[in-house]
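**Student:** Below: sequence and its predicted model.
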Amino acid sequence: MRQARRAGRTDAPGLGALDAYARWLERLLDELGFSSAWCVGNSFGVSVVSSFASLFAARCRGLVFVNGVPIPPLPRLVGWLGARPLPRRMLRALMRKQTYGPRVLSRAYADPGRAPAALRDVLESANPPQLEAVLDAAIHGGPRAPLSLNPLLVWGEADQLLGNSADDAKKLHASLPGSHLTFIPATGHMPQVENPEAFVDAVSRFIEARATAARPRGFGGQASPGA
């Protein structure tokens, strides 16, 4: 699994389109010996797990989106433009300003002091490889996740990044019938970092509720003893 951190703290190039990341996750499950798993994605990771659920629905028990909106399928023209030097430079500059500049922390975190040192290093870099990896995936777009999975949306309420505000979370929730939305107050773009206790509690309660609902029911509406 030498590619495990291609879009993380590494100088290795990204995998390109989102379906490549989804297939990497499939290989990871195979390596770990798991037939299926709950898929939790934060920010760009939301697009990755959404793509995984679309391509390998039988291996995805459920979805949790954390402060992120899945990248939608895009016209081929967008990919063609993104491969041209001038449009790509323009897109890179826009993305860097919005999501990969040093000033991003004040919008992304309720308490910027809680941002990991590794993230600060990325944002202070003039040409972070992570930006190129995310840009490649964004240009290609991704498949939509099955609506039947009814994802949980866990949202740091103080997130002020473009497209990731509390209002954006409500719009995403309204666009996904059957989804559940949980806000974590005084928390920004990475609630699993800023308030891990509340984050784990929200995800655990959701998974347990789903597991309980899926258990066979016995007489009187109670779960069967062997469930």
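**Tutor:** That came through fine. Note that the coordinates shown come from a computational prediction; the quantities given were computed from them, not determined experimentally.
**Student:** so who does Gly82 touch?
**Tutor:** 88, 91, 135-136, 139-140 (C-beta atoms under 8 Å, 6 or more residues apart in numbering). (Each C-beta comes from the backbone N, C-alpha and C, glycine too.)
**Student:** Counting by contacts, list what the host helix or strand of Gln130 packs against.
**Tutor:** Using DSSP states H and E, Gln130 sits in helix 129-140. Under the contact definition 3 or more C-beta pairs under 8 Å, 6 or more residues apart in numbering; DSSP states H and E, helix 129-140 sits against helix 18-32, helix 44-55, helix 76-82, helix 85-99.
**Student:** Excluding chain neighbours, what is closest to the spatially most central residue of the chain?
**Tutor:** With distances taken as C-alpha atoms, centre = their mean, the residue of the chain nearest its centroid is Val46 (2.0 Å). Spatial nearest neighbour of Val46, excluding adjacent residues (C-beta to C-beta, 6 or more residues apart in numbering): Gly68 at 3.2 Å.
**Student:** Now do the contacts for that neighbour.
**Tutor:** Contact partners of Gly68, counting by C-beta under 8 Å, 6+ apart, are 41-47, 164.
**Student:** What's the end-to-end length of stretch 66-78?
**Tutor:** Its first and final residues considered, stretch 66-78 spans 26 Å by C-alpha to C-alpha, to the nearest Å.
**Student:** now the angle from the helix holding Gln130 to helix 44-55?
**Tutor:** Using axes from the mean of the first three to the mean of the last three C-alpha atoms, to 10 degrees, one finds that helix 129-140 and helix 44-55 are set 40 degrees apart in direction.
**Student:** Provide the strand pairings for whichever helix or strand comes after helix 129-140, with the direction of each partner.
**Tutor:** Under the assignment DSSP H and E, the closest C-terminal helix or strand after helix 129-140 is strand 152-156. Paired strands of strand 152-156, with direction, are strand 60-66 (parallel), strand 180-184 (parallel) (DSSP bridges).
**Student:** How far off centre is the helix or strand following strand 152-156?
**Tutor:** Next in sequence after strand 152-156, counting helices and strands by DSSP H and E, comes helix 166-175. Put simply, helix 166-175 sits 15 Å off its chain's centre (C-alpha atoms, centre = their mean, to the nearest Å).
**Student:** Now do helix 166-175, average pLDDT.
**Tutor:** Helix 166-175 shows a mean pLDDT of 96.
**Student:** next one: stretch 51-66
**Tutor:** Computed over stretch 51-66, the average pLDDT equals 94.
**Student:** which of the residues in that stretch are buried?
**Tutor:** Of the residues in stretch 51-66, 51-56, 59-66 count as buried by neighbour count, 16 or more other C-beta atoms under 10 Å.
**Student:** again with stretch 26-41
**Tutor:** 29, 37-41.
**Student:** What ranges in the chain fall below the confidence cut-off?
**Tutor:** The chain contains residues with pLDDT under 70 at 1-13, 74-75, 145-147, 215-227.
**Student:** for it, what's the longest helix?
**Tutor:** The longest helix of the chain (DSSP state H) is helix 196-214.
**Student:** Run a quick neighbour tally on Asp111.
**Tutor:** Using other C-beta atoms under 10 Å, Asp111 is surrounded by 13 other residues.
**Student:** which residues sit in contact with it?
**Tutor:** 188, 194.
**Student:** likewise Ala58?
**Tutor:** Ser36.
**Student:** how many neighbours does His173 have?
**Tutor:** His173 has 17 neighbours, counted by other C-beta under 10 Å.
**Student:** That one and Ile71: what is the separation?
**Tutor:** His173 sits 18 Å away from Ile71, going by C-beta to C-beta, to the nearest Å.
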